[in-house]
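Trainee: Provide a 3D model corresponding to the input given below.
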Amino acid sequence: MLLPVLQAEAAAVEKFTADSIQAKTAETLEVIKNTDTNVLLENLGQQALHFGLKVLAALAIYIIGAWIIKKIIKLLAKGLERKKSDAALASFVKSLVSIALWVLLIIMTIGALGVNTTSLAALLAAGGMAIGMALSGTVQNFAGGIMLLVFKPIKAGDFIEAQGFIGTVSEISITSTKLITLDNRVVFIPNGALSSGTINNFSVNDLRRVDINVNIAYGNDIDKAKETALEIIKSNPSVLDSSTPGAADPFVALLNFKESTIELVTRTWVKAADYWPVYFWINENLYAQLPKKGINFSFPQLNVNLKNS
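Mentor: Modelled structure (predicted):
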């Protein structure tokens, strides 16, 4: 889709240039027909001098402009380096600024030669719009990549949940983000969708809370069940308490009464890196040790009453 657009743009520019040359040639021939030879030579000399001055002015504008562009790009690169900007973002910004400045310089140089640049600028604007429409998805991903790299809601090494996937961020490029899932799959998420969607970042904070619910049968001693569960949780050396800033003491409480079960809730603070090991450990030890303390788990029951006919 992009190739026909570029071909059409090239044909339009070629036609624009040919029409300009043809018009100038016709104008010159008309002047030659209606002008005396001496006057013609004098006019040609003046026009040649005038055109030569325009050429010199255009060359001066181009040379000085090129020098200024190089200086601007160097200063921009140093500024991005000082701010320790992401390499992909720095490269994209430098390329974008460089292209914009060079296009502006070329238009200024052509204008210094006396060529009307209004039509050319309109043509370039129309071409840019056509290319932008053809690459709308890519442009959206570019914009999303810039948002991610500037505002940094995620970074390489973060464990996140986004767009239906859970895993560790491996790399953030200008168009997509590489995610390594828990089962070691590689997923590339377009930055447009990622930046406009919900991101659940588990690695931002150093601490996380482990919430586990336990269903026990009716008839159990609630106080004993809570005390036993709390002892089991506290026996794990990775479990934190209120002495750690941002954490709280382990907590067990009666959460809900259900049809055939009593639901207890346990809340435990741990370091983010210890979340899953502690989560699995608590589950396994509650299951193994609660029955040994006389706390029975609930299970679905069905009562059937049979009547003699």
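Trainee: can you list the weak-confidence ranges in the stretch 201-309 of the chain?
Mentor: Applying pLDDT under 70 to the stretch 201-309 of the chain picks out residues 300-309.
Trainee: Can you show me the strands along it?
Mentor: Listed in chain order, the strands of the stretch 201-309 of the chain (DSSP state E, counting those that start in this stretch) span 207-216, 251-257, 262-271.
Trainee: how many neighbours does Val252 have?
Mentor: 21 (other Cβ atoms under 10 Å). Yep, even glycine has a C-beta here, placed from its N, CA and C like the rest.
Trainee: Can you give me the end-to-end span of stretch 145-159?
Mentor: 18 Å (Cα to Cα, to the nearest Å).
Trainee: can you tell me the average pLDDT over that stretch?
Mentor: For stretch 145-159, mean pLDDT rounds to 84.
Trainee: So which bits of it are buried?
Mentor: Buried residues in stretch 145-159, counting neighbours by 16 or more other Cβ atoms under 10 Å, are found at 145-149, 154, 158-159.
Trainee: re earlier: okay, the strands of the stretch 201-309 of the chain in a markdown table with distance to Gly192 next?
Mentor: What follows is those, written out as a markdown table (distance: least, Cβ to Cβ, whole Å):
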| stretch | distance to Gly192 |
| --- | --- |
| strand 207-216 | 29 |
| strand 251-257 | 41 |
| strand 262-271 | 34 |
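Trainee: Give the stretch among those strands with the greatest mean number of neighbours.
Mentor: strand 262-271 (a mean of 19; mean count of other Cβ atoms under 10 Å).
Trainee: Distance of the nearest residue to Gly219 once chain neighbours are set aside relative to Ile232?
Mentor: Leaving aside its sequence neighbours, Gly219 sits nearest to Asn296 (Cβ to Cβ, 6 or more residues apart in numbering; 7.7 Å). To Ile232, Asn296 is 16 Å away according to Cβ to Cβ, to the nearest Å.
Trainee: Show me the beta-bridge partners of the residue nearest to Ala272 when sequence neighbours are not counted.
Mentor: Nearest non-adjacent residue to Ala272, counting by Cβ to Cβ, 6+ apart: Arg208, 5.0 Å away. Per DSSP bridges, residues listed as beta-bridge partners of Arg208: Val270.
Trainee: hang on, isn't Asn256 packed against Glu263?
Mentor: Yes: assessed by Cβ atoms under 8 Å, Asn256 is found in contact with Glu263 at 4.2 Å.
Trainee: Quote the end-to-end distance of stretch 166-182.
Mentor: 7 Å.
Trainee: related to what we said a few turns ago, and the buried residues of stretch 145-159, which two are the farthest apart?
Mentor: Ile146 and Phe159 (23.5 Å; Cβ to Cβ).
Trainee: Verify the stated contact: Met241 with Asp249.
Mentor: Not Met; residue 241 is Asp. Yes: applying Cβ under 8 Å, one finds Asp241 in contact with Asp249, separated by 4.8 Å.
Trainee: all helices for the chain, in order.
Mentor: 2-33, 37-82, 87-112, 118-134, 136-151, 191-196, 222-234, 275-289 (DSSP state H).
Trainee: Mean pLDDT lowest where, among these?
Mentor: helix 2-33 (a mean of 55).
Trainee: how about the nearest residue to Val265 once chain neighbours are set aside, what does it touch?
Mentor: Nearest non-adjacent residue to Val265, counting by Cβ to Cβ, 6+ apart: Leu255, 4.0 Å away. Contacts of Leu255 were listed using Cβ atoms under 8 Å, 6 or more residues apart in numbering, and they are 213, 263-265.
Trainee: Contact partners for Val239?
Mentor: 233, 250, 268-270, 278.
Trainee: Can you tell me which of those lies closest to Lys74?
Mentor: For the contacts of Val239, the nearest to Lys74 is Val270 (48.7 Å; Cβ to Cβ).
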